[in-house]
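Trainee: Give the three-dimensional model of this entry:
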Amino acid sequence: MNPPTFVDSGCRPNTLWVRHGESTWNRAGRMQGQSRWPALTPLGKDQAHKAARDLLDYEPVRILSSDLQRAFDTAKIIAGVTGLPVERSSLLRERHWGGFEGRPVGEGQRAEVGLGRDDPLPGGESRTDVADRLRRAAVELGQGGGPVVVVTHGDVIREAVRLWSMPGLVNPTAANGSITELWIPMRVQ
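Mentor: Here you go, the predicted structure:
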């Protein structure tokens, strides 16, 4: 069971960030990045169903999903439970890990050590690039008049927490199928 990760307090969240369910590459320990094809495992589908049931308590009004298949498949499962349509956005894609995509996760993590926020991975993106995409996506998130479910990826959720959580909070590692609550000001800078 993955309880929601609370990264803000004092107000009702206006965004509910769901990390996609476990994929075949998660299970194999491979860096996915913006690779489109890793499918959800049976466990990943179960995680998506659990997240969908948990999200009902928040009474979401929209589902916005990364256009990468593992996130979109998770979003479709959530849509089947909530009755909401899924909107896709390329701005919510995982960080591009360049030549490390498809390779063991440890290789990409080791390559990232020593890189600054503005330093891209060889052939990929920097953390700042991901944050810039999120700032642009915030315009889409502000539409809808109620909690928005955002189905995306681990690095994207970590950057969203860094951008919009209260200062001093620990940046959590979002488990597959987990829900992270965030309140995003509608006038994002």
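Trainee: And for residue 58, the neighbour number?
Mentor: 18 (other C-beta atoms under 10 Å). Glycine gets a C-beta too; all of them are placed from N, C-alpha and C.
Trainee: Go ahead and confirm it touches residue 14.
Mentor: No - here residue 58 does not reach residue 14: they are 10.0 Å apart, not a contact under C-beta atoms under 8 Å.
Trainee: list the residues that contact both of the two?
Mentor: residue 147 (C-beta atoms under 8 Å, 6 or more residues apart in numbering).
Trainee: Please report the number of neighbouring residues for residue 154.
Mentor: Neighbours around residue 154, by other C-beta under 10 Å: 18.
Trainee: Check what pLDDT it gets.
Mentor: pLDDT for residue 154: 95.
Trainee: And stretch 68-82, what's buried?
Mentor: Within stretch 68-82, the residues that count as buried by 16 or more other C-beta atoms under 10 Å are 68-75, 77-79, 82.
Trainee: now swap in stretch 127-139 and tell me
Mentor: 127, 129-130, 133-134, 137-138.
Trainee: what's it in contact with?
Mentor: 64, 89, 91-93, 95-96, 117-118, 120, 155-156, 159-160, 162-163, 184, 188-189.
Trainee: Now the buried members of these.
Mentor: Counted by 16+ other C-beta under 10 Å, the contacts of stretch 127-139 give 64, 89, 91-93, 95-96, 155-156, 159-160, 162-163, 184 as buried.
Trainee: helix or strand for the nearest residue to residue 91 once chain neighbours are set aside, which one?
Mentor: With C-beta to C-beta, 6 or more residues apart in numbering as the criterion, residue 91 has its nearest non-adjacent residue at 3.9 Å, and that residue is residue 137. Using DSSP states H and E, residue 137 maps to helix 127-141.
Trainee: Cheers, nothing more for now.
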